[in-house]
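J.: Quick one, structure for this:
(chains A, B and C)
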Amino acid sequence: MMLQAETLHEAAAILDLIGVAVFAVTGALVAARRQMDPIGFIIVGTATAIGGGTMRDLVLGVRPVFWVTDQSFLVVSVLASLATFWAARSIRRIFKALLWMDAVGMAMFAVAGTQKATNLGAGPVVAVLMGVMTASFGGLLRDVLCGEKPLLFHREIYATAALIGAGLWLALEPAGLAPEVRSILGFVAAFGVRAAAIRWGISLPNYRHPEA
Amino acid sequence: MMLQAETLHEAAAILDLIGVAVFAVTGALVAARRQMDPIGFIIVGTATAIGGGTMRDLVLGVRPVFWVTDQSFLVVSVLASLATFWAARSIRRIFKALLWMDAVGMAMFAVAGTQKATNLGAGPVVAVLMGVMTASFGGLLRDVLCGEKPLLFHREIYATAALIGAGLWLALEPAGLAPEVRSILGFVAAFGVRAAAIRWGISLPNYRHPEA
Amino acid sequence: MMLQAETLHEAAAILDLIGVAVFAVTGALVAARRQMDPIGFIIVGTATAIGGGTMRDLVLGVRPVFWVTDQSFLVVSVLASLATFWAARSIRRIFKALLWMDAVGMAMFAVAGTQKATNLGAGPVVAVLMGVMTASFGGLLRDVLCGEKPLLFHREIYATAALIGAGLWLALEPAGLAPEVRSILGFVAAFGVRAAAIRWGISLPNYRHPEA
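T.: The predicted structure is shown next:
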């Protein structure tokens, strides 16, 4: 049983690193579109990968932030960003696969961020925001750094999906489920909403000027 | 007397929340101009409302930041931002009123930020900057997130008004006034300068290239 | 001997302040190009000067950040920024000198940031990033605040020079050198690489779209 728990733990840690790597690649692809140099790839990729979790840790008062404690997140981000510099062409060919892997990362981090905030004693509104932040503010930082109109603010069911996953995870608290089951349900909700948005091109309505 | 102190405290807390709501609305109105979706309204509005105080708490080492400790700031920001999505048209009709309420919020936060920094042992230069930061860096964050030329850097007596209010509050320290009186004088100075700037269109000179 | 150590310490502190002032001037010159008002000069100049070290302290969990503990960094940044408002024309005439002084500041902060992170127990990858962050993220913040395409991401051997100085400083750890010697070697490496890049216009290759 001990062994099993440890294996689960290790599997979760590996999934975390894969999620971070995928986020770094999505960041580095924007650096490629902007024709940056390798330093640009590393900074934008890494900011995309660990930016959301960094903001979460800062506002929650976790010191130092997670990637100072465990360097593997930083190493994986830098390597994935640099690999994209050399292989952006091939990576673009698997763009579809990347989009789905990004959705997996988003859903994982939405649940993980909410859970971390709750464990640190944050109230439910803060905890949900921390889930959304972990899942999506790295991408916001990427767009601000690259001078792009933030995807998060327009036509993208992304933060909304993270919100739903985080909210469900919290709402299930009184249900007395095993923690793993609850996490999986939150993950499935976030991923499912995002998957539907990708598959059928669903988006939130943008604000329209009345005069328009 | 106890009752009175408590009532004052409660009144101050309610004013704080009103100030945060007004800041959120000013942020959400920029989101409206940029035709964002509701998530964009929430993120930009909330960043405008609590961004300045968040930066202040981070650099001062307050952990966690104020809105993690008291969720009402976050709740009010999100609700005010969302309300703007549905009612931006009517809100724009009361734009003048909003401009004045924003000046009230700015003046309140300039004094409150300086006071908080001083209570935490910060020196006078840092304390004044913390007042300016609390009062005006949410608006700076709003403009950066929306890709707008920051209002704070051009032709606007805004940070300057916050600076004067914060500075007066500090300068009055040796005067031995009651804390409430000192806070009111700082508030009046910041609000008065901003009001004059709005009323008579006063602004600081911009830098001009010698060749121009 | 005590006296000598103290003198060295004081000399280092003065160099630090000069580096901060030079960074503030480079920030304020971008504010001049953007025709900002004095508040814009102060905010952009100060953010350039102390932004990198602030981010470093935040992620490492140093509380409060360095310029709250020692106000002189803030005072020097504000004064240097304001002086640029009045004297930008003359400063532009010494642009070449400024470029070299900026290189000195970068090299100093790369070593100092790495050292601070190491003293706080950070691992080598984090420590190198902290050196790069201290040396170059103020300039990144400047460009984001001013809506400029970040210099750091394109054609500039700047972060790379910081990286090499920081890396050398770390690599020399097992060599058992006196701390001052190690710091000087790290400084010389960072400055030398940057100097070569300025002198001969060397840059990293930008990413090129395969289709282009």
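J.: Distance of the residue nearest the centre of chain A relative to chain C?
T.: Closest residue to the average C-alpha location of chain A: residue A:135 at 3.0 Å, with C-alpha atoms, centre = their mean. From residue A:135 over to chain C the distance is 20 Å, taken as C-beta to the nearest C-beta, to the nearest Å. Yep, even glycine has a C-beta here, placed from its N, CA and C like the rest.
J.: so which strand or helix has that residue?
T.: Taking DSSP states H and E as the criterion, residue A:135 maps to helix A:124-145.
J.: pLDDT weak spots in chain A?
T.: A:1-5, A:210-212 (pLDDT under 70).
J.: Show me the longest helix that occurs in it.
T.: helix A:2-33 (DSSP state H).
J.: what's near enough to touch residue A:17?
T.: Counting by C-beta atoms under 8 Å, 6 or more residues apart in numbering or on different chains, residue A:17 touches A:72, A:73, A:76.
J.: ok, for the second one, nearest residue in space, not its chain neighbours?
T.: Leaving aside its chain neighbours, residue A:73 sits nearest to residue A:67 (4.1 Å; criterion: C-beta to C-beta, 6 or more residues apart in numbering or on different chains).
J.: Does that neighbour touch residue A:75 like I think?
T.: No - with contact defined as C-beta atoms under 8 Å, residue A:67 does not reach residue A:75; the gap is 9.3 Å.
J.: so of the contacts of residue A:17, which ones are in helices?
T.: Using DSSP H, those in helices are A:72, A:73, A:76.
J.: In CSV, list those along with neighbour count.
T.: Formatted as CSV, those follow (neighbours: other C-beta atoms under 10 Å in any protein chain shown):
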residue, neighbour count
A:72, 14
A:73, 26
A:76, 22
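J.: Nearest to chain B among those residues?
T.: residue A:73 (20.7 Å; C-beta to the nearest C-beta).
J.: Just to check, that closest one is in contact with residue A:46?
T.: No - taking contacts as C-beta under 8 Å, residue A:73 lies outside contact range of residue A:46: 9.1 Å.
J.: quick one on the thing from earlier: determine whether any part of the helix holding residue A:135 lies close to chain B.
T.: Yes - under the criterion of C-beta under 8 Å from any C-beta of the partner chain, chain B is reached by helix A:124-145 at A:124, A:125, A:126, A:129, A:140, A:144.
J.: can I assume residue A:161 is in contact with residue A:190?
T.: Yes - counting by C-beta under 8 Å, residue A:161 touches residue A:190, with 4.9 Å between them.
J.: So which bits of chain A are right by chain B?
T.: Going by C-beta under 8 Å from any C-beta, the residues of chain A near chain B are A:58-61, A:63, A:120, A:122-126, A:129, A:140, A:144, A:147, A:149-150, A:152-156, A:159-160, A:203-210.
J.: Pull out the buried members of those residues.
T.: The neighbour count (16 or more other C-beta atoms under 10 Å in any protein chain shown) marks A:58-61, A:63, A:120, A:122-126, A:129, A:140, A:144, A:150, A:152-156, A:159-160, A:204, A:206-207 as buried among the residues of chain A next to chain B.
J.: Filter those down to just the ones in helices.
T.: A:58, A:59, A:60, A:124, A:125, A:126, A:129, A:140, A:144, A:159, A:160.
J.: Alpha carbons of the strand or helix carrying residue A:89, as PDB, please.
T.: Per DSSP H and E: residue A:89 is located in helix A:72-93. Coordinates of each C-alpha in helix A:72-93 appear next as PDB, following Å, rounded to 0.1, in the frame of the first residue of the first chain:
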ATOM      1  CA  SER A  72      13.200  20.300 -12.100                       C
ATOM      2  CA  PHE A  73      10.400  22.600 -13.200                       C
ATOM      3  CA  LEU A  74      12.800  25.200 -14.300                       C
ATOM      4  CA  VAL A  75      15.100  22.700 -16.000                       C
ATOM      5  CA  VAL A  76      12.200  21.100 -17.900                       C
ATOM      6  CA  SER A  77      10.900  24.600 -19.000                       C
ATOM      7  CA  VAL A  78      14.200  25.700 -20.300                       C
ATOM      8  CA  LEU A  79      14.900  22.500 -22.200                       C
ATOM      9  CA  ALA A  80      11.400  22.400 -23.700                       C
ATOM     10  CA  SER A  81      11.800  26.000 -24.800                       C
ATOM     11  CA  LEU A  82      15.200  25.500 -26.300                       C
ATOM     12  CA  ALA A  83      14.100  22.300 -28.100                       C
ATOM     13  CA  THR A  84      11.300  24.300 -29.700                       C
ATOM     14  CA  PHE A  85      13.900  26.700 -31.100                       C
ATOM     15  CA  TRP A  86      15.500  23.800 -33.000                       C
ATOM     16  CA  ALA A  87      12.300  21.900 -33.800                       C
ATOM     17  CA  ALA A  88       9.500  24.400 -34.100                       C
ATOM     18  CA  ARG A  89       8.800  23.200 -37.600                       C
ATOM     19  CA  SER A  90       8.200  19.600 -36.500                       C
ATOM     20  CA  ILE A  91       6.300  20.800 -33.500                       C
ATOM     21  CA  ARG A  92       3.900  22.800 -35.600                       C
ATOM     22  CA  ARG A  93       3.100  19.700 -37.500                       C
END
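J.: what's next to it, contact-wise?
T.: In contact with helix A:72-93 (C-beta under 8 Å, 6+ apart) are residues A:16-17, A:20-25, A:27-29, A:31-32, A:38, A:41-42, A:44-46, A:49-50, A:66-67, A:98, C:125-126, C:129, C:207, C:210.
J.: Now do the buried residues in that helix.
T.: Applying 16+ other C-beta under 10 Å to helix A:72-93 flags A:73-78, A:80-85, A:88, A:91 as buried.
J.: can you tell me which two in those are farthest apart?
T.: Among the buried residues of helix A:72-93, the pair separated by the greatest distance (C-beta to C-beta) is A:73 and A:88, at 22.0 Å.
J.: Residue A:187 is in contact with residue A:107, isn't it?
T.: Yes - counting by C-beta under 8 Å, residue A:107 is a contact partner of residue A:187 at 4.7 Å.
J.: In three-state terms, how would residue A:108 be classified?
T.: For residue A:108, the secondary-structure state derived from DSSP: H, G, I helix; E, B strand; the rest coil is helix.
J.: Could you find the closest non-adjacent residue to it?
T.: residue A:19 is the one closest to residue A:108 (C-beta to C-beta, 6+ apart), at 5.2 Å.
J.: you'd agree the one you found is up against residue A:110?
T.: No - between residue A:19 and residue A:110 there is no contact under C-beta under 8 Å: 10.8 Å.
J.: Now for residue A:108: which residues touch it?
T.: A:15, A:16, A:19, A:187.
J.: Now restrict those to buried residues only.
T.: A:16, A:19, A:187.
J.: and the last one, what does it touch?
T.: Read that as residue A:187. So residue A:187 contacts A:107, A:108, A:110, A:111, A:165 (C-beta under 8 Å, 6+ apart).
J.: Same check on the first one?
T.: When contacts are counted by C-beta under 8 Å, 6+ apart, residue A:16 touches A:73, A:108, A:112.
J.: Please tell me how far the first one sits from residue C:129.
T.: Counting by C-beta to C-beta, to the nearest Å, the gap between residue A:73 and residue C:129 amounts to 11 Å.
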